[in-house]
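Visitor: The following block contains a protein sequence and its predicted model.
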Amino acid sequence: MPHVARDARELLVFQRTPSSVDVRDNRPTDPEWAASLQPGWHARRRENFQAAVTGQPVEDDLVDDAWTASAPVLGKIISTDARADRDADEWERAEELLDFAKMNRLRARVEQVVDDPATAELLKPWYRYGCKRPTFSDEYLTAFNRDTVTLVDTADSGGVERFTETGLVVGGREYEVDCVIFATGFEVGKSDVMTGRLPVHGRDGTRLLDVWRDRGVRTLHGFTSNGFPNLFHLGPLQNAPSVNYAHVLDEQAIHVAEVVAEARRRGVKTVEPTADAEIEWVETITASSPDRAWFDAECTPGYYNNEGSARPRITFAAGPAAFQRLLREWRSGDGINDVLGDAG
């Protein structure tokens with residue numbers, strides 16, 4: 001979703017698929033509230049947020065925003081064990097109804113905010129809530145009520161066809177512009193290691209991508225791989241992502257730091273999982289990962305479904321909070337020996 005500049009004299013906004021835009025509700029921070037915060041408040045707040053968005057009971061919703069209010073329809077975005085006691089088919093039906101009601105409210109918001117009916121229709125999102133990352137803004141929809149802002153929908157033309165010396169061509173029509181701001185998206189979770197531009201070699205010169213191509217992706221907890229000593233993966237690989245990605249990365253950094261610190265205490269110079277530990281984790285996460293292929297296949301193109309070419313999303317089914325507890329217990333117990341002993 002592009003940012004709409006306040007001082008644009010004339011702005012054309014090109015869209016392929018509309019975003020679901022919920023209320024952001026930005027407001028000034030109360031100085032007295034900020035002064036009352038005690039040490040550790042940030043960790044407590046983000047853990048509370050993580051619990052809320054995964055449907056876990058919280059005594060007080062410390063964030064209380066549109067993310068936490070959307071918890072009942074986030075099941076296709078973030079895994080959780082909060083509804084493990086519910087019949088799977090029953091919850092699937094309930095979630096779809098909740099999803100439909102949620103999206104209807106978002107479409108109704110577009111009608112309420114955007115004055116021009118034709119523009120409002122183009123801005124309405126027609127897909128399940130979990131098909132795309134939700135967005136939140138108090139200003140985006142209102143921008144289309146300005147005389148200087150025009151929406152150009154590219155859905156029926158296949159996108160921008162070409163550039164000319166003076167503008168862009170969409171649907172056979174040229175739109176003259178003075179400046180073009182590219183907001184064409186990004187690739188999620190793809191490092192140069194994964195694309196092959198930065199090749200990783202393990203023992204005997206073995207290439208990481210060659211091993212994964214032949215045997216499938218193999219890690220222990222998504223962090224380490226047998227045959228590739230002192231290599232740590234960060235990101236959503238075979239673990240439990242969440243909507244607050246900064247929280248996830250911080251927990252991952254803590255985990256790696258703790259493992260390295262323990263290796264130093266023991267005088268161990270090689271951090272590498274045993275083949276058995278790696279295989280056991282791959283089997284565990286593959287067997288428990290929720291099947292979302294059918295859901296992704298019904299979504300409009302986006303990065304959740306690989307731009308319409310759905311592929312498996314392997315995640316820890318119990319969710320991020322349970323995964324973070326698992327890592328802490330593993331580090332404090334005998335599990336850490338799986339990476340600090342003989343990795344043959």
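Guide: Sure, I can see it. Numbering: from 1, shown residues only.
Visitor: contacts, neighbours, all on C-alpha from now
Guide: Noted.
Visitor: Helices of the stretch 1-150 of the chain, residue ranges please.
Guide: Using DSSP state H, counting those that start in this stretch, the helices assigned to the stretch 1-150 of the chain run over residues 31-36, 41-53, 66-69, 88-113, 117-123, 140-143.
Visitor: what packs against the second one?
Guide: Put plainly, it is helix 41-53. With contacts defined as 3 or more Cα pairs under 8 Å, 6 or more residues apart in numbering; DSSP states H and E, the secondary structure elements packing on helix 41-53 are helix 66-69, helix 320-332.
Visitor: got the contact list for Phe163?
Guide: Phe163 makes contacts with Val169, as judged by Cα atoms under 8 Å, 6 or more residues apart in numbering.
Visitor: So in terms of bridging, what pairs with it?
Guide: Partner residues in beta bridges with Phe163: Leu168, with DSSP bridges as the criterion.
Visitor: measure it to Gly172 for me?
Guide: Distance, Phe163 to Gly172, using Cα to Cα, to the nearest Å: 12 Å.
Visitor: cool, and Arg128?
Guide: Distance from Arg128 to Gly172, counting by Cα to Cα: 31 Å.
Visitor: More neighbours: which of those two?
Guide: Arg128 (20 against 11; other Cα atoms under 10 Å).
Visitor: Could you check what's spatially nearest to that one, not counting adjacent residues?
Guide: Distances taken as Cα to Cα, 6 or more residues apart in numbering put Asp99 closest to Arg128, at 6.4 Å, once the chain neighbours are dropped.
Visitor: How about the contacts made by the one you found?
Guide: Asp99 is in contact with 73, 128-129, counting by Cα under 8 Å, 6+ apart.
Visitor: Identify, from those residues, the entry nearest to Arg146.
Guide: Of all the contacts of Asp99, Tyr129 has the smallest distance to Arg146: 27.8 Å, by Cα to Cα.
Visitor: Check whether that closest one really touches Pro72, as I assumed.
Guide: No: Tyr129 sits out of contact with Pro72 when judged by Cα atoms under 8 Å, with a separation of 10.6 Å.
Visitor: Which one of the two is surrounded by more residues?
Guide: Regarding Tyr129 and Pro72, a neighbour count based on other Cα under 10 Å identifies Tyr129 as having more, with 25 against 17.
Visitor: What separation is there between Thr154 and Val160?
Guide: As it turns out, when the distance is counted by Cα to Cα, Thr154 lies 7 Å from Val160.
Visitor: Mutual contacts of these two, please.
Guide: Where contact means Cα under 8 Å, 6+ apart, the residues bridging Thr154 and Val160 through contact with each are 170-171.
Visitor: what about stretch 171-179, start to end distance?
Guide: From its first residue to its last, stretch 171-179 covers 20 Å (Cα to Cα).
Visitor: distance between it and the chain's centre?
Guide: Averaging C-alpha positions (Cα atoms, centre = their mean, to the nearest Å) puts stretch 171-179 33 Å from its chain's average.
Visitor: Which positions in that stretch come out as buried?
Guide: Residues Glu174 are the ones in stretch 171-179 that count as buried (16 or more other Cα atoms under 10 Å).
Visitor: Give me the contacts around that stretch.
Guide: Contacts made with stretch 171-179 from outside it, assessed by Cα under 8 Å, 6+ apart, are listed as 154, 156-157, 160-161, 166-169.
Visitor: now stretch 210-223
Guide: Stretch 210-223 is contacted from outside by 225-226, 232-234, 236-239, 273, 277-279, 281-282, using Cα under 8 Å, 6+ apart.
Visitor: got the buried residues for that stretch?
Guide: With the criterion 16+ other Cα under 10 Å, stretch 210-223 contains buried residues 218-223.
Visitor: and if you look at stretch 79-95?
Guide: By neighbour count, and taking 16+ other Cα under 10 Å as the criterion, the buried residues in stretch 79-95 are 79-81, 95.
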